[in-house]
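>>> Provided below are the primary sequence and the corresponding predicted coordinates.
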Amino acid sequence: MYDTPSASALPAITPAQVTTQLSTALLVLPPPVPAASGTVAVVPSSSKRGRGRPVELSETHLWLGVLWAVLEGLGGYRALTRYLATLPLGRFAPVSISDSALLQRLQRAGYEPLQALFDHLGVWLQATLSPPACTLASFATHIIALDETKLDAVTRRLPWQRQHKVGHPALLAGKLAALFDIREQRWLRLHYLSESLRNCKQEALALVEELPWHSLLLFDLGYFSFPWFDYLSERGFYWISRYREKTCYQLLHVYYRNGVILDALVWLGSAHGPRAGRAVRLVRFGDGHDLRMYLTNVLDPLELPMGDIARLYARRWDIELAFLTLKELFGLHHWWSSQRPLILQQIAAVLLVAQVVQALRLHLAAQADCDPFDVSLPLLVKHLPFLLRARLHPVQWVLTYGTTQHFLRPSSRYSVVVPAIPADQLTPLPPDLILTRKANYRLYKPRPPRPASNRKKKKKAPASTSRSSRKAR
């Protein structure tokens, strides 16, 4: 997420401070402390008092309130101010603050404190995470899904927003381009783009720039490109993609063929037109419903069998479910404000809470000895605030009542049926086979966006009818 916050900012807070308070609220949640006991004494950081009313809401209390508002689904800043003024939060006593004062504090703060906490949380989760959620492709250092999503439109509150009609692309809040770790079930990297109609391929290079060597990337047809395939192979990345219909290819070597089942090395492109510079592997089979075709640069069928290719690409759907979790379960489809800095804050807060809940789901699956998708994420998100307010440990409660209350149930995800090819039926690759050639890339000008038209075509009257009408005249 790249944007410029307001010039003045709140005093910097350390990630350890917010992590401590977040852990207190989410895992311990001690009994409420009366305001008269003086357990929360907020003193301005500077001994010299400035103009205006003294600060009563500390930075840690403020950010913890924003995170708790996302978790409980309060849905706006006014509901957050009511919560802060009437109920204790963790070890903090209630503090009365107006809506305008809360917005001014958040506007001055920017989103940098939440972004620093997001990075700190990612390092902590990587060091303390449960067993991986995917055990396929052990040769790859990481299994990462690459995708993007458009954010919902904002409400037309500001003057420049009222100039556009409802549904205009200018009202969209932007888009998120992201990398999602399949094994650790967490967001690895996210970039915020203010241009919601920008081509996804332009941001892909920046996303994969600092990935570990030999990472395995999963992406859909929106990233299908010969230069993109060659670039990833030259950088030492593995990748899996679907085959785009009507793409030309020439067979280079056939490992196995039986009816529609095919496992072979191919050249992508034509001899006199656009073509890729590196040979890739094409697998094809039918599952009883459709004919499935995948491409990958892992050329050894013993290292990555056909069944693992199909199962790995099916896990690309994990990032789609993660985007759906952000929008539907944590309310990212409803914006608390139409201002860009506050939108970025809400995105950062939602991502933080989603990281924690996804890690909790992975920990529950490890404790219950089941697949992470056997743990119902909608039920976990819905009941987690109630469990914390009742001072019940979420892990112990789910392990006790999860089966009877359907928190733990078999996953309904579709399982791809793939034919098994014995290793002794594979034709070995010739040692002198050349797998590179001179590439030929062509740049195509993007088509300008055309507005949708709902006009119905008028039916032309028959010729006989028109002639008779002329005669009548």
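Looks like it arrived, so ask away.
>>> Just the element for Asp300, please.
Using DSSP states H and E, Asp300 maps to neither a helix nor a strand.
>>> got the residue ranges for the strands in the stretch 251-400 of the chain?
Taking DSSP state E, counting those that start in this stretch to define them, one finds strands in the stretch 251-400 of the chain at 261-268, 280-286, 291-296.
>>> Export these to TSV and append columns for mean neighbour count, mean pLDDT and distance to Ser412.
All C-beta atoms are positioned from the backbone trio N, CA, C, and that covers glycine. Shown next, in TSV, are the strands of the stretch 251-400 of the chain (neighbours: other Cβ atoms under 10 Å; pLDDT from 0 to 100; distance: least, Cβ to Cβ, whole Å):
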stretch	mean neighbour count	mean pLDDT	distance to Ser412
strand 261-268	20	96	28
strand 280-286	21	96	23
strand 291-296	18	95	20
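>>> need these in TSV with distance to Gly75, can you?
Putting the strands of the stretch 251-400 of the chain into TSV (distance: least, Cβ to Cβ, whole Å) gives the following:
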stretch	distance to Gly75
strand 261-268	49
strand 280-286	47
strand 291-296	42
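>>> Spatially central residue for this protein, please.
Nearest to the mean C-alpha position of the chain, by Cα atoms, centre = their mean, lies Phe323 at 4.5 Å.
>>> Out of the strands of the stretch 251-400 of the chain, flag the one nearest His164.
Checking these against His164 by Cβ to Cβ gives strand 291-296 as the closest, at 40.5 Å.
>>> between the strands of the stretch 251-400 of the chain, which gets nearest to Arg437?
Using Cβ to Cβ, the nearest of those to Arg437 is strand 261-268, at 7.1 Å.
>>> elements contacting the closest one?
In terms of contacts (3 or more Cβ pairs under 8 Å, 6 or more residues apart in numbering; DSSP states H and E), strand 261-268 is packed against strand 249-258, strand 280-286.
>>> possible to save these as JSON lines with distance to Trp336?
Listed next are the helices and strands packed on strand 261-268 as JSON lines, based on distance: least, Cβ to Cβ, whole Å:
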{"stretch": "strand 249-258", "distance to Trp336": "49"}
{"stretch": "strand 280-286", "distance to Trp336": "46"}
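>>> So which of the ones you listed is nearest Asp374?
strand 280-286 (27.4 Å).
>>> Parallel or antiparallel, which strands does the closest one pair with?
Strand 280-286 has the following strand partners under DSSP bridges: strand 261-268 (antiparallel), strand 291-296 (antiparallel).
>>> Minimum distance to Lys150: which of those has it?
That would be strand 291-296 among the strands paired with strand 280-286, by Cβ to Cβ, at 26.2 Å.
>>> chain center to the closest one: distance?
Its chain's C-alpha centre and that of strand 291-296 lie 24 Å apart, by Cα atoms, centre = their mean, to the nearest Å.
>>> next one: stretch 132-140
The answer for stretch 132-140 is 20 Å, by Cα atoms, centre = their mean.
>>> contact partners of it?
Outside of stretch 132-140, the residues within contact range by Cβ atoms under 8 Å, 6 or more residues apart in numbering are 143, 182-185, 214-216, 238, 303-304, 308, 311-312, 315, 362, 365, 371-372.
>>> okay, how far is it across that stretch, tip to tip?
13 Å (Cα to Cα, to the nearest Å).
>>> can I get the strands paired with strand 280-286 in CSV with distance to Pro227?
Shown next, in CSV, are these (distance: least, Cβ to Cβ, whole Å):
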stretch, distance to Pro227
strand 261-268, 11
strand 291-296, 15
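>>> who wins for proximity to Trp68 among these?
Between Trp68 and these, the tightest spacing by Cβ to Cβ is seen for strand 291-296, at 43.3 Å.
>>> For the stretch 251-400 of the chain, just list every one of the helices.
306-314, 317-324, 340-368, 377-389, 394-401 (DSSP state H, counting those that start in this stretch).
>>> nearest to Leu205, of these?
Taking Cβ to Cβ, helix 317-324 is the member of these nearest to Leu205, at 18.3 Å.
>>> Just the mean pLDDT for that closest one, thanks.
For helix 317-324, mean pLDDT rounds to 94.
>>> Which residues does it contact?
Residues from elsewhere that reach helix 317-324, judged by Cβ under 8 Å, 6+ apart: 145-147, 149, 176, 178, 180, 182, 185, 187, 354, 358, 413.
>>> One more pass at 6 Å, please.
Applying Cβ atoms under 6 Å, 6 or more residues apart in numbering, the contact partners of helix 317-324 are 145, 147, 149, 180, 182.
>>> now stretch 410-424
So stretch 410-424 is contacted by 256, 261, 285, 287, 306-307, 310, 314, 371, 373-374 (Cβ under 6 Å, 6+ apart).
>>> Next one, pLDDT for Val166 please.
78.
>>> separation between it and Leu172?
The gap separating Val166 from Leu172 is 12 Å, by Cβ to Cβ, to the nearest Å.
>>> More neighbours: those two, which one.
Using other Cβ atoms under 10 Å, the more surrounded residue of Val166 and Leu172 is Leu172, with 17 against 8.
>>> Chain neighbours aside, what residue packs nearest to the more buried one?
Ser196 (4.0 Å; Cβ to Cβ, 6 or more residues apart in numbering).
>>> now Glu56
Per Cβ to Cβ, 6+ apart, closest to Glu56 is Val95, 5.2 Å.
>>> Is that neighbour in a helix, a strand, or coil?
Of the three states, Val95 takes coil under DSSP: H, G, I helix; E, B strand; the rest coil.
>>> between the helix or strand hosting Leu84 and helix 340-368, how many degrees?
Assigned by DSSP H and E, Leu84 falls within helix 77-86. Relative orientation of helix 77-86 versus helix 340-368 (axes from the mean of the first three to the mean of the last three Cα atoms, to 10 degrees): 70 degrees.
>>> I'd guessed Ile240 sits against Tyr313; true?
Yes - checked against Cβ atoms under 6 Å, the pair Ile240 and Tyr313 is within contact range at 5.2 Å.
>>> And those two? Which one has more around it.
Higher neighbour count among Ile240 and Tyr313: Ile240, with 25 against 21, using other Cβ under 10 Å.
>>> Nearest residue to the more buried one in space, please, no chain neighbours.
Thr296 (4.7 Å).
>>> low pLDDT regions in the stretch 201-350 of the chain?
The model of the stretch 201-350 of the chain has no residue with pLDDT under 70.
>>> Alright, I will stop here.
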